[in-house]
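>>> Provide a 3D model corresponding to the input given below.
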Amino acid sequence: MPEAGLMGFHNPQQVNGIIGKGVSLADLYLPVKINGDMALLKALELILLDLEAKNPGLVVHSDFINNKTTGYTDFLAQFSKADYNLEHLSQLSGIAIPDMQKAAELLAYRNKIIFCWGMGLTQQPNGVDMIREILNILLMKGSIGIKGGGVCPVRGHSNVQGNRTMLIDEKPTDEQLDRLQQYFGFDPPREHGYDVVRAIKAMHAEKSNSCFAWAGIFVRHTRHNIYGKCASEAEFIGRCVHKIKPWPSDPWQRGAYSADLWTQ
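Below is the predicted model:
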């Protein structure tokens, strides 16, 4: 079923926001199949190239590609494969060909293009490839490094992006660890650590007896299950917060707060 929140918005805090049609958020709604994003992106590229062939110089930004990019010939070569046809890509993506053509036409004759995406596109095994393909479309259009063009990853929390940028990762590569060692002059541990879910399970299995976290998100998101109870019983839980908070009345919370490290 169509997701209404992706097509329009009603402001519930104002009367005129509830009455009427609301604010339209999209000119086109494409309900892509799960993991069908890549097929849709390839279809958009295929259609853009076809439009360029019919309207030379109006769709693909040749000057930008020739002067600012590499590998364009190899990029074009992939579309000679039999799998790259709109019928097949439509089946994989779940998007009808006329709708894919409408989407491509929205991009075809514009250069001020910004691609926005949420964590649903990146938090999956194909996430990196998806973003690369988005960038390929922007590079085709010369829509990188210009006013009104580029990429816009939308995060639920700024630390989601910042953590990875600053190499906060439970399983960094040897190359990344080598660079840390070279720059900071210490030998970082090579064993992989735990992500959030595995950290909770490790505490439940008593493989880990301590936890250090920023703010209260970790505890808050686990308080209503057995793992939250287990986390509160760990020998040490350290949390850094932005301001002093009152002592909680909830006994469970007191267990979680008992070893907090407050920062003022």
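
>>> The stretch 1-150 of the chain: strands as residue ranges?
Using DSSP state E, counting those that start in this stretch, the strands assigned to the stretch 1-150 of the chain run over residues 8-9, 23-24, 114-117, 150-153.

>>> State the pLDDT value of Lys207.
In this model, Lys207 is scored at 83, pLDDT.

>>> Could you check how many residues crowd around it?
The local packing of Lys207 (other Cβ atoms under 10 Å) involves 11 other residues. C-beta coordinates here come from the backbone N, C-alpha and C atoms, glycine included.

>>> cool, and the one 5 residues further on?
With neighbours defined by other Cβ under 10 Å, the count for Phe212 comes to 12.

>>> before we move on, what SS does it have?
strand (DSSP: H, G, I helix; E, B strand; the rest coil).

>>> From Leu167, how far out is it?
17 Å (Cβ to Cβ, to the nearest Å).

>>> Equivalent analysis for Leu89, please.
For Leu89, the distance to Leu167 - Cβ to Cβ - is 36 Å.

>>> out of these two, which sits in the busier spot?
Set Leu89 next to Leu167 and count neighbours by other Cβ under 10 Å: Leu89 wins out with 24 against 13.

>>> measure that one to Ile97 for me?
Separation of Leu89 from Ile97 (Cβ to Cβ) stands at 9 Å.

>>> Same check on Asn35?
Counting by Cβ to Cβ - Asn35 and Ile97 are separated by 20 Å.

>>> likewise Gln123?
On the measure of Cβ to Cβ, Gln123 and Ile97 end up 29 Å apart.

>>> Next: Thr122.
27 Å.

>>> higher neighbour count, the two?
Thr122 (17 against 13).

>>> Leu6 contacts Leu28, correct?
No. The pair Leu6 and Leu28 fails to qualify as a contact (Cβ atoms under 8 Å) at a distance of 10.6 Å.

>>> can you pull the contacts of the nearest residue to Lys42 once chain neighbours are set aside?
For Lys42, ignoring the flanking residues on the chain, the nearest one in space by Cβ to Cβ, 6 or more residues apart in numbering is Leu89 at 5.7 Å. The contact partners of Leu89, by Cβ atoms under 8 Å, 6 or more residues apart in numbering, come to 39-40, 42-43, 46, 100.

>>> Pull out the buried positions in stretch 63-76.
By 16 or more other Cβ atoms under 10 Å, the buried positions in stretch 63-76 come out as 64-65, 75.

>>> can you tell me which of the residues you listed are in helices?
Among those, the members found in helices (DSSP state H) are 64-65, 75.

>>> Closest one to Tyr109 out of those, please.
Nearest to Tyr109 out of these is Phe64 (Cβ to Cβ; 15.4 Å).

>>> hang on, isn't the closest one packed against Gly142?
Yes. At 3.4 Å, Phe64 counts as touching Gly142 under the criterion of Cβ under 8 Å.

>>> And His61, how close does it get to Glu52?
10 Å.

>>> Who has more neighbours out of those two?
Remark: of His61 and Glu52, His61 carries more neighbours, 21 against 17, as counted by other Cβ under 10 Å.

>>> per-residue confidence for the nearest residue to that one once chain neighbours are set aside?
Nearest residue to His61, sequence neighbours excluded (Cβ to Cβ, 6+ apart): Gly142, at 3.0 Å. Note for Gly142: predicted pLDDT of 96.

>>> if I pick Gly142, what's in contact with it?
61, 63-65, 68, 111, 149.

>>> got those residues as TSV, with distance to Arg155 and pLDDT columns?
Shown next, in TSV, are the contacts of Gly142 (distance: Cβ to Cβ, whole Å; pLDDT from 0 to 100):
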residue	distance to Arg155	pLDDT
His61	29	96
Asp63	33	96
Phe64	28	96
Ile65	30	96
Lys68	27	94
Asn111	26	93
Gly149	20	95
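
>>> which among those gets closest to His204?
Of all the contacts of Gly142, His204 sits closest to Gly149, with 47.5 Å by Cβ to Cβ.
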